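Trainee: what's the 3D shape of this:
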Amino acid sequence: MATTDDMREQIRRLESRFDGLQKKIDQLPTRADLSGFATRDDLVTFKDEIINNFRVLAEDAEESAKKAAEGFGATLDRIETGLADLNKRMATKFSDHDKALGNHSQRLVTLQRARGRSRRG
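Mentor: Next up, the predicted model:
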């Protein structure tokens, strides 16, 4: 059986432990101390706002990318049309050039034949 002294010793140990716990509890912040900090609901609301903002930004980026692609496609179409027109003009010029050279060649042959006849004669 526990003696009176043993019981007093246990009570002193319990009091000592209680005092230690009380000091730790006194160091914890109160609700008033925490009033400036965000609550769980505040953090959930903040998270939702961030997600919504990200969605808006992603939609804007997607729209900008589509516009850029459309503009790029239109530019490529204009370049392609310009090159096709240039090819037609160059083909016409070379065709005219070939005709003129053919005509000059024919004249030279005719002149050389006439010259050769006049020297013989």
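Trainee: what sits against A38?
Mentor: F46 (Cβ atoms under 8 Å, 6 or more residues apart in numbering). The C-beta positions use only the backbone N, C-alpha and C, and glycine is treated the same way.
Trainee: distance of it from F72?
Mentor: 45 Å (Cβ to Cβ, to the nearest Å).
Trainee: Kindly report the same for D6.
Mentor: Computed as Cβ to Cβ, the D6 to F72 distance reads 91 Å.
Trainee: now swap in I25 and tell me
Mentor: 67 Å.
Trainee: remind me which residues of the protein are low pLDDT?
Mentor: Counting by pLDDT under 70, the chain contains low-confidence residues at 1, 120-121.
Trainee: Where do the helices of it begin and end?
Mentor: Taking DSSP state H to define them, one finds helices in the chain at 4-27, 40-120.
Trainee: Which of those sits closest to D33?
Mentor: Among the helices of the chain, the nearest to D33 by Cβ to Cβ is helix 4-27 (10.9 Å).
Trainee: ok, residues contacting the closest one?
Mentor: Applying Cβ under 8 Å, 6+ apart, the set of residues contacting helix 4-27 is A2.
Trainee: Render the CA-only coordinates of stretch 19-30 in PDB, please.
Mentor: What follows is stretch 19-30, C-alpha atoms only, in PDB (Å, rounded to 0.1, in the frame of the first residue of the first chain):
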ATOM      1  CA  ASP A  19       2.900  23.600 -14.100                       C
ATOM      2  CA  GLY A  20       4.900  22.600 -17.300                       C
ATOM      3  CA  LEU A  21       1.800  22.100 -19.200                       C
ATOM      4  CA  GLN A  22       0.400  25.400 -18.000                       C
ATOM      5  CA  LYS A  23       3.500  27.200 -19.200                       C
ATOM      6  CA  LYS A  24       3.100  25.600 -22.700                       C
ATOM      7  CA  ILE A  25      -0.600  26.500 -22.800                       C
ATOM      8  CA  ASP A  26       0.200  30.100 -21.800                       C
ATOM      9  CA  GLN A  27       2.600  30.300 -24.800                       C
ATOM     10  CA  LEU A  28      -0.100  29.200 -27.300                       C
ATOM     11  CA  PRO A  29      -1.700  32.100 -29.300                       C
ATOM     12  CA  THR A  30      -5.200  33.100 -28.500                       C
END
